[in-house]
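> Here's my sequence, what's the structure:
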Amino acid sequence: MPSFKEIFPNKRAVLPVVHVETTRQALENTYIAKKAQADGVFLISMTGASYKELLEIHKKVRQEFPDFWIGVNCLDLHVAFVFEHLSQGVSGVWTDNSGISELMEVQDVAKMVKEEREYSRWKGLYFGGVVFKYQRPVKDVALAARIAKNYMDVVTTSGSATGVAAKIEQIKLMKEAIGDHPLAIASGLTPENVRDYEMADAYLVASSLLKPGTEEFDSKRMEDFVANARG
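Predicted coordinates for the structure are as follows:
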């Protein structure tokens, strides 16, 4: 299975998050991201649609963009049960809560997820939420990150809420703890602040790139973000 760096040769991977409403809207937003030379996209349903509906839309987006990296976040499925539903056309899976606990010696949930993934033989990248919004406060973010790297391809963290930037010290501590293992940020990134987070390896971004009051990407904001992320 190719590594993160083999899949994403750019120093920092830009993965815009499409808030899926319809197939047409998902296709249009994916096109905007690809045209701006983003490294891929994640599709996520923010309308209450089921994982089955999201995966069906993913299939149609994959048909239109056969060579583009396209992942999913199935909000209505525990990550341990996602893998059995994935085709090899799904490039990546992202979950907000990977079950990592720095308070536990044995990582029962993360171990179960790892076993289910291996059993499925799915070959994409797993982005697991650690020190993530709307989860319990983590006392030792460095320890949580060190534990997490044994269970996922990309340790994925966020600020305290949607649209809230992660504390730079949090990102530094987590990256120092995991070394060369990839770290992604999944909230609060903008074209204006992305350079402050150059220690991260991947950026999952949505809100700051949307046209006001819509779930449609603004082409200029997308282009600016990609340019600033690449330095």
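> Identify the residues contacting Lys139.
Glu102, Leu103 (Cβ atoms under 8 Å, 6 or more residues apart in numbering). No exception for glycine: its C-beta is placed from N, CA and C like everyone else's.
> how close does it sit to Glu102?
Going from Lys139 to Glu102 by Cβ to Cβ, to the nearest Å gives 7 Å.
> before we move on, what about Trp69?
Counting by Cβ to Cβ - Trp69 and Glu102 are separated by 30 Å.
> Leaving out sequence neighbours, find the closest residue to Phe217.
In this structure, Phe217 finds its nearest non-sequential neighbour in Ile32, 4.4 Å apart by Cβ to Cβ, 6 or more residues apart in numbering.
> a strand runs through the one you found, doesn't it?
No: counting by DSSP: H, G, I helix; E, B strand; the rest coil, Ile32 falls outside a strand, being helix.
> Pull the number of nearby residues for it.
Ile32 has 21 neighbouring residues, counting by other Cβ atoms under 10 Å.
> can you give me the helices for the protein?
Using DSSP state H, the helices found in the chain span residues 4-7, 23-35, 51-64, 108-120, 141-148, 168-178, 219-230.
> and the last one, what does it pack onto?
The criterion is 3 or more Cβ pairs under 8 Å, 6 or more residues apart in numbering; DSSP states H and E, and the helices and strands that helix 219-230 contacts are strand 13-20, helix 23-35, strand 202-205.
> for the last one, the distance to its chain's centre please.
When you say that, I think you mean strand 202-205. Centroid separation for strand 202-205 versus its chain: 7 Å, with Cα atoms, centre = their mean, to the nearest Å.
> Not counting that strand itself, show me its contacts.
Outside strand 202-205, the residues that reach it (Cβ under 8 Å, 6+ apart) are 4, 8, 12-17, 42, 94, 127, 154, 156, 182-186, 189-190, 194, 197, 225, 229.
> Mind listing the strands it pairs with, and their directions?
Here strand 202-205 is paired, per DSSP bridges, with strand 13-20 (parallel), strand 183-185 (parallel).
> could you give the mean pLDDT of that strand?
The average of the pLDDT scores along strand 202-205 is 98.
> now do the first one
If you average the pLDDT over strand 13-20, you get 98.
> what's next to that strand, contact-wise?
4, 25-26, 29-30, 33, 38-47, 49, 54, 57, 69, 71, 73, 184, 186, 201-206, 209-210, 215, 217, 222, 225-226, 229-230.
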